[in-house]
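Chemist: pasting the sequence and the predicted model now:
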Amino acid sequence: MSRTPKLDKKLISSILQQHKAGDASALVNVLHDLQAHLRYLPQEALEMAADHLGVSYAQMYGVATFYEGFHFKPRGEHVVTICMGTACHVRGAPRLLEQAERDLNVESGGTTKDLMFSLEQVNCVGACALGPLAIVDGTYKGSMTPAKLSNLLKKMHKKGKK
Amino acid sequence: MQAFKTPKQLQAHRKKIIESRPADRKAIAVCAGTGCKAFGSLSVYDVFQKTLKSSGLDKKWELRATGCHGFCERGPLVLMFPSGTLYQKVKPEDVDEIVEQTLVKGKTIKRLTYQDPVTSKWFRREQDIPFYKHQHRLVLKQNGMIDPTSLDDYLTIGGYGGFLKALKMRPAKVIDEVKKSGLRGRGGAGFPTGTKWEICAGTKATQRYVVCNADEGDPGAFMDRSVVEGNPQSIIEGMLIGAYAMGASKGIVYLRQEYPLAVQRLGLALESAREAGLLGKNILGTGFDFDIQINKGGGAFVCGEESALIASVEGRRGVPKRRPPYPAISGLWGKPTNINNVETWATVPLILDRGHKWFSSIGTEGSKGTKIFSLVGKVNNTGLVEVPMGMTLKEIVFGAGGGIPDGKSFKAVQTGGPSGGCLPESKLDTPVDFDTLVQEGSMMGSGGMIVMDESTCMVDVAKYFVGFLKFESCGNCTSCRDGLQRLYELLSDVCEGRASMETLDLIEELAGTIRATSLCALGTTSVNPVLSTLKYFRDEYVAHVKEKRCPAGVCKSLITYTIDEKNCNGCTICAKKCPEQAISGKKKKLHIIDQQRCIKCGICKDVCKYDAVIVA
Amino acid sequence: MTVQFTIDGLEVKAKEGEHLLDVARRHGIDIPSLCHHEAVEPIGACRVCLVEVRSGQKTTITTSCNFLVEDGIEVHTDTAEVRKHRAMNLELLLARAPKSDVVRKLASASGVTRTRFEPLAYEPLPNCILCELCVRTCDMLGHHALTTVGRGDKKRIGLPFNKPSDNCVGCASCLSVCPTQCISVKDTPTQRAIWGQKHDFILCKVCGAPVITKKHRDFAISEKGLPEDYYDTCEKCKQSAASKRFASVVW
Amino acid sequence: MQITCLQCVEAACAKVCPAGALVRNEETGAIEVLANRCVGCGLCEAACPFGHMHFDTQLRLAVKCDLCGGTPTCAAFCPHDALEIR
């Protein structure tokens, strides 16, 4: 089974239809909706979105790459995000990130070859009391340590292999 | 909910609802803010719900999932009304006991109450706990009292009273009221809100916009998140008042996508306000049209800057533009646009409701009212504190914050987000207001307050912020884009022992140009962390440069991990956990770290239960 | 409305809404800059056109390209502060574009002959100073082929997904406006290679010399409406044909 | 015979210029290149029916006869007074 979702143009159209045609102010909202369904932003989706909103495809791409929240390559099934906010930083977040990079053998922003994990970082999610914080598939895991994270990733990897 | 067709109908409904909920009504408030949720507060809520129902107590006790109470360090929090008893770190398995002992018998469960880590004193009531006692909570207080998804809850605590009052006034009078209150923008720059409104209202136009800037990008700050999640109606009411005063018919909330719960709660709140006839066409039959839409951000710190925010909403890259023209004159699509941040909008209803005199009686001469700070880092009581303007840093960090954990000593506090300055112990008596902080080389910013202790390396901290900002720079200006990258390289040289004293001079020279010649505030203030640490903690820089030593034991290139002969009992745990197999040693014998293989990840120190791993 | 102010002591008049750099240049006052072009909106990217503006008690260092002129201001283009900061920004740019003659010339005029920073050039546009003149021009021309990618220290100039763009007509205006001439355009007698693709030229119907790329002509016809045969002959052959025609009419 | 720019009334060069860099000088009647506005796209050169727009490949700018601001040097230098400006 391929872990990359197949490009479904009908799905893209139906997402776009939820936003007013020609309204450039919906651009970022549209990108979010597309990514929520496709897990990343493929070229075809951006082209169709540009057409729908009445902006150039180059602008669409330029705007999308301006933001940290958008991804242009297929992402892994699991997304592990390390919060790099200040509160997390002073409590040791860089060490979490390094640990995850070692364990997954990818750099921050990358995806493992088997498309199982994507490792990302975020500049604060406003849960500073929980720091240092890892977010695994949307769930906040507070007071993380490199050792705890390592165990968690191992478990997820085992589960994924099955 | 019914749609209110006149102010009178709304007023009548408010009255009815307030009367139906007397102040002494018994209620349990489980915090469902992001922090407590992550600690498992929703399971606590579920167990409460089941237990109350099965015991029939659900008739007597109202159960509420509320917004953030601010004391995130101690979550999940459970607050009981009207007694004011606060239980902290509550687990689902504690619920039975709480119901049995506290709800039924009225007894306090001591182990669930708060014990001050410094004085070891126990506190039952929320209001007595030092963390809360030092605060003056106007905006935040409501968070813990209401269910953020319930418009009726908001009405109970006086919600929409400010709007109803505004409707009775002429728009100019509303602006005047805000002006007289002395409210200054809580987003960072501290521009007088009333004056901003006046300029926007005074610009001729067929269409005006009001925008709520909820793009809280400062790492280590989450007060806006907590207000949007915990009391979204207050923002809607504030924007309604502003729109009425300025003659705007469209509102936009520019909200961070990293805050999914806030997006959801605000969406619900907008829907219920629309259902109640508080948004839409002909609001309360007054002929006033206004509606609000949510525009999500995409993850760009610079979009908190007004002109960049506008570009982003218009579907362009979030690159700041030179001002003037100011948004109040030419903003979204060239129309007059008033942008205020979350906290400012949430404060407006209170001012209208209670009057400008009440508001301006709080705070200092130049900075009125209260300000919410996100107190984080190396401090005992992490969380949100709302204090009157003019309180000293010391009172905040050591009073509400409860000082530094683990017996360590205070080193610095950084205010104002990533581009704020780091102030040392000698500046702890600085009163916190817009102007004094700037004088001391820092700034108010949106209210991040990060406490650092002796184990924080100030060069590393400066490098961290510069690293953040070079990544978040829009990349337009040479000085900011390339300047910050170079500054980062130079700071890395310091941290990694490659720097000379000339490096420090070049850092200062470069920082001067970045500050003087960048277009927007991100660039011009970006060097504050560097310049303030160079000023107040120069000896740490010099130690890195001259002695090739990191006094705080943080900078990897300048430290080594060793195992202490005396403390090591050969438990082998460090050797097992070392990712590089750099530790060797037989069971019950002294272990040794191979310095060639050690990657200084620090795991050995984390796992050692006998303090045998030494960093030097 | 007219505003009046001084630049280095010289009294000047300008229209409200004009930018300071344009006004200064009109009056023969030279302010160096790299990212400015009159055909497009200024964005203040290079931070070289710095001046000092005094207004009342306030003195600020600012870029002149995007500064809207104000009545009564006092502008100084060559103060110690201006020189110092301009030199630093040029030193930063020199590290990005060490081989650019224009940058080297401006830098050395500011007393900067070497940079204390490591080279920062990026492929495939070494010497690009990220001024976005190419992108702004491409947009102004209505092609929208180029875009600015990423932000901060990862900002680049390029094409969406780094793939050749259907919108590029091969006009090479991007190269024409590029201050460091860092965009690669290679012409053969029949084709132009630019931004990862090859464009066929229309060849002169008389001598076979290249005239303009086909796509550029098609764009011009649809946008500007001149007939197709305007574009089918090279400049030289048109000239000699015109001369012959005139000769036959006059004599 | 050699002819020079006719300063056409309906000038193709000005019509195709996307940057507004080709404008008529009201005093001399000549179409002039505003070098600071020219983006060097080359359309004018291709579009001029008489071959009198030129593209300076060094400067990457359009160049043309602008009647030397009203006192054409070609007329002044012609040894036979065959050229005159009227």
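Modeler: All right, it came through fine.
Chemist: so which residues on chain A come close to chain C?
Modeler: Neighbours of chain C within chain A, by Cβ under 8 Å from any Cβ of the partner chain: A:43, A:46, A:56-62, A:65-66, A:72. Where you see a C-beta, it was placed from the backbone N, CA and C, and this is true even at glycine.
Chemist: make CSV out of the residues you listed and add neighbour count.
Modeler: Converted to CSV, those look like this (neighbours: other Cβ atoms under 10 Å in any protein chain shown):
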residue, neighbour count
A:43, 14
A:46, 24
A:56, 21
A:57, 23
A:58, 26
A:59, 22
A:60, 28
A:61, 26
A:62, 24
A:65, 24
A:66, 29
A:72, 16
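Chemist: who's in contact with the one residue in chain C that gets nearest to chain D?
Modeler: Per Cβ to the nearest Cβ, the residue of chain C with the smallest distance to chain D is residue C:176, at 2.5 Å. Contacts for residue C:176 (Cβ atoms under 8 Å, 6 or more residues apart in numbering or on different chains) come out as C:137, D:38-41, D:60-61.
Chemist: among the residues you listed, which ones lie close to chain B?
Modeler: Answer for the contacts of residue C:176 near chain B: none qualify (Cβ under 8 Å from any Cβ).
Chemist: which of those count as buried?
Modeler: Buried subset of these (neighbour count, 16 or more other Cβ atoms under 10 Å in any protein chain shown): C:137, D:38-41, D:60-61.
Chemist: checking my notes, residue B:487 in a helix, right?
Modeler: Yes: the assignment for residue B:487 by DSSP: H, G, I helix; E, B strand; the rest coil puts it in a helix.
Chemist: against residue A:20, how distant is it?
Modeler: 43 Å (Cβ to Cβ, to the nearest Å).
Chemist: for the contacts of residue C:176, which one is nearest chain A?
Modeler: Once Cβ to the nearest Cβ is applied, the member of these that ends up nearest chain A is residue C:137, at 12.9 Å.
Chemist: could you identify the helix or strand that succeeds the one helix or strand that closest one maps to?
Modeler: Assigned by DSSP states H and E, residue C:137 falls within helix C:133-140. Next in sequence after helix C:133-140, counting helices and strands by DSSP H and E, comes strand C:147-149.
Chemist: what residues does chain D put near chain C?
Modeler: Taking Cβ under 8 Å from any Cβ as the measure of proximity, chain D contacts chain C at D:1-3, D:12, D:15-16, D:18-21, D:34, D:36-43, D:45-54, D:60-61.
Chemist: where in the chain is pLDDT low?
Modeler: All of this refers to chain A. A:1-6, A:162 (pLDDT under 70).
Chemist: hmm, I had chain B in mind actually
Modeler: Within chain B, the ranges that satisfy pLDDT under 70 run B:1.
Chemist: what helix or strand is the residue of it at minimum distance from chain C located in?
Modeler: Here chain B gets closest to chain C at one residue, residue B:475, 3.2 Å apart by Cβ to the nearest Cβ. According to DSSP H and E, residue B:475 maps onto no helix or strand at all.
Chemist: list the beta-bridge partners for residue A:134.
Modeler: Per DSSP bridges, the residues bridged to residue A:134 are residue A:82, residue A:141.
Chemist: list the contacts of it.
Modeler: Contacts of residue A:134 (Cβ under 8 Å, 6+ apart): A:80-83, A:96, A:100, A:141, A:144, A:149, A:152.
Chemist: so which of the contacts of residue C:176 sit within strands?
Modeler: Judged by DSSP state E, strands contain the following of the contacts of residue C:176: residue D:61.
Chemist: on that earlier part again, who wins on neighbours among the contacts of residue A:134?
Modeler: Counting neighbours by other Cβ atoms under 10 Å in any protein chain shown, residue A:83 leads the contacts of residue A:134 with 29 neighbours.
Chemist: gap between the nearest residue to that residue once chain neighbours are set aside and chain D?
Modeler: Computed as Cβ to Cβ, 6 or more residues apart in numbering or on different chains, the closest residue to residue A:83 that is not its neighbour in sequence is residue A:133, at 4.2 Å. Look at residue A:133 and chain D: by Cβ to the nearest Cβ, to the nearest Å, they are 50 Å apart.
Chemist: grab the nearest non-local neighbour of the residue of chain D found nearest chain A.
Modeler: In chain D, the residue that lies nearest chain A is residue D:18 (16.0 Å; Cβ to the nearest Cβ). In space, and not counting its chain neighbours, residue D:18 is closest to residue C:141: 5.0 Å by Cβ to Cβ, 6+ apart.
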